[in-house]
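[1] here you go, sequence then predicted model.
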Amino acid sequence: MVKAVVLGASGGIGQPLSLLLKACPLVDELALYDVVNTPGVTADLSHISSVAKITGYLPKDDGLKHALTGADVVVIPAGIPRKPGMTRDDLFKINAGIVRDLVKGIAEFSPKAFTLVISNPVNSTVPIAAEVLKAAGVFDPKRLFGVTTLDVVRAETFTQEFSKLKNPSEATVPVIGETIVPLFSKVAPGFQIPADRYEALIKRVQFGGDEVVQAKDGAGSATLSMAFAGFRFAEAVIKAAKGEKGIVEPTFVYLPGVEGGAEIAKATGVDFFSTPVELGPNGAEKAINILGGITEQEKKLLEACVTGLKGNIEKGVEFVKNPPPK
């Protein structure tokens with residue numbers, strides 16, 4: 001029996017993510033939680049003739065407790081989009097507070113669950129989640145993941161003209177860091193990116209979200225593709241938990257707590273990093289170091305990534321240790 005939970009189920013990512021999980025034959029029970037509209041989303045999805053039994057909760061009447069109790073996998077897309085006049089710092093404080101409070105619920109009601117954080121910015125919200133779980137004495141680095149799969153999905157899609165694969169997801173295009181470093185030198189099956197297309201392709205993978213915002217004329221962001229990416233990673237975690245072997249997905253993890261991670265932490269100088277991870281019954285079984293033999297161009301991208309990443313990680317840790325005044 002697999003119980004999956006979506007925290008932030010009524011939002012732009014949460015609704016399509018909940019739809020995909022409801023349709024997934026690997027999910028036996030699906031619990032939805034949000035501060036508004038959850039009963040309506042739940043009623044709508046409950047009419048779908050699939051395996052999962054679905055329940056929905058609001059904060060009242062211990063809703064978070066009921067949603068999380070017995071959870072195996074918890075996916076967190078909760079948060080608000082940036083609004084006109086709102087600074088990035090304003091947005092960070094709100095979303096960081098939302099993630100912190102939800103993870104406190106996980107620590108209390110489902111500490112053994114695999115926790116998959118989608119809420120932006122992942123390179124700060126995952127360290128926030130880790131600090132909350134540490135404070136509660138239940139932190140297991142193998143069970144905490146930042147979902148970076150959308151970067152991978154974009155890289156697969158945008159390189160299809162070079163991979164020539166009918167299904168672009170059959171290509172392995174590693175994307176590391178979390179400040180998005182696609183390693184085109186490590187693709188499998190191997191294919192070449194023309195030199196005159198390289199920089200534009202890197203930029204497109206890194207700033208693919210801007211395409212969507214512009215196409216939606218500022219009225220939305222990449223919610224549907226993010227929901228697909230969140231589902232793809234959740235499905236991989238569930239399959240691995242059920243014993244399927246050989247599942248490797250890039251994800252943002254706490255390196256010192258995962259086998260093989262210390263070597264990557266030493267090479268990069270950061271404790272949190274997105275790298276290909278072999279998944280298993282206990283979560284993150286092994287972090288795979290693919291930094292050897294990368295190109296000079298990729299080394300430069302990695303250096304810039306690590307500089308930004310250090311500040312983002314520190315910001316997340318500081319938020320929990322010294323919360324801003326309300």
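    Received it, and whenever you're ready, just let me know what you need. Numbers count the residues shown, from 1 in each chain.
[2] pLDDT-wise, which helix or strand of the protein ranks last?
    Here the helix or strand of the chain ranked lowest by mean pLDDT, DSSP states H and E is helix 208-215, holding a mean of 90.
[3] and the strands in the chain?
    Applying DSSP state E to the chain gives strands spanning 3-7, 29-33, 53-57, 73-76, 114-117, 144-146, 175-176, 181-182, 248-254, 272-280, 283-287.
[4] can you list contacts of the longest one?
    Defining contact as Cβ atoms under 8 Å, 6 or more residues apart in numbering, one finds that strand 272-280 is touched by 123, 126-127, 130, 146, 148, 151, 174-178, 236-237, 239-241, 246-255, 258, 261, 264-265, 284-290, 309, 313. (Glycine included, C-beta is placed from N, CA and C.)
[5] give me the contacts around the least confident helix or strand of the chain.
    150, 154, 158, 204, 220-222, 225.
[6] please name the bridge partners of Gly283.
    Following DSSP bridges, Gly283 is listed with bridge partners Gly280.
[7] before we move on, the earlier item: take the strands of the chain and write them to a markdown table, including distance to Leu17, mean pLDDT and mean neighbour count.
    Putting the strands of the chain into a markdown table (distance: least, Cβ to Cβ, whole Å; pLDDT from 0 to 100; neighbours: other Cβ atoms under 10 Å) gives the following:
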| stretch | distance to Leu17 | mean pLDDT | mean neighbour count |
| --- | --- | --- | --- |
| strand 3-7 | 6 | 98 | 29 |
| strand 29-33 | 10 | 98 | 26 |
| strand 53-57 | 13 | 98 | 20 |
| strand 73-76 | 6 | 98 | 26 |
| strand 114-117 | 10 | 98 | 26 |
| strand 144-146 | 15 | 98 | 29 |
| strand 175-176 | 20 | 95 | 27 |
| strand 181-182 | 24 | 94 | 26 |
| strand 248-254 | 16 | 97 | 25 |
| strand 272-280 | 19 | 97 | 24 |
| strand 283-287 | 20 | 98 | 22 |
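[8] now those as CSV including distance to Asp90?
    Compiled in CSV, the strands of the chain are given as follows (distance: least, Cβ to Cβ, whole Å):
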stretch, distance to Asp90
strand 3-7, 22
strand 29-33, 24
strand 53-57, 28
strand 73-76, 20
strand 114-117, 20
strand 144-146, 22
strand 175-176, 28
strand 181-182, 28
strand 248-254, 24
strand 272-280, 24
strand 283-287, 33
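[9] residue contacts, the residue nearest the centre of the chain?
    In the chain, the residue lying closest to the centroid (Cα atoms, centre = their mean) is Val147, at 1.4 Å. Going by Cβ under 8 Å, 6+ apart, Val147 touches 75, 116-118, 122, 229-230, 233, 251-252.
[10] one more time with 7 Å
    Val147 is in contact with 116-118, 122, 229-230, 233, 251, counting by Cβ atoms under 7 Å, 6 or more residues apart in numbering.
[11] nearest to Thr87 among those?
    Among those, Val122 lies closest to Thr87 (Cβ to Cβ), at 19.4 Å.
[12] in space, what's closest to the closest one - neighbours in sequence excluded?
    In space, and not counting its chain neighbours, Val122 is closest to Gly146: 4.1 Å by Cβ to Cβ, 6 or more residues apart in numbering.
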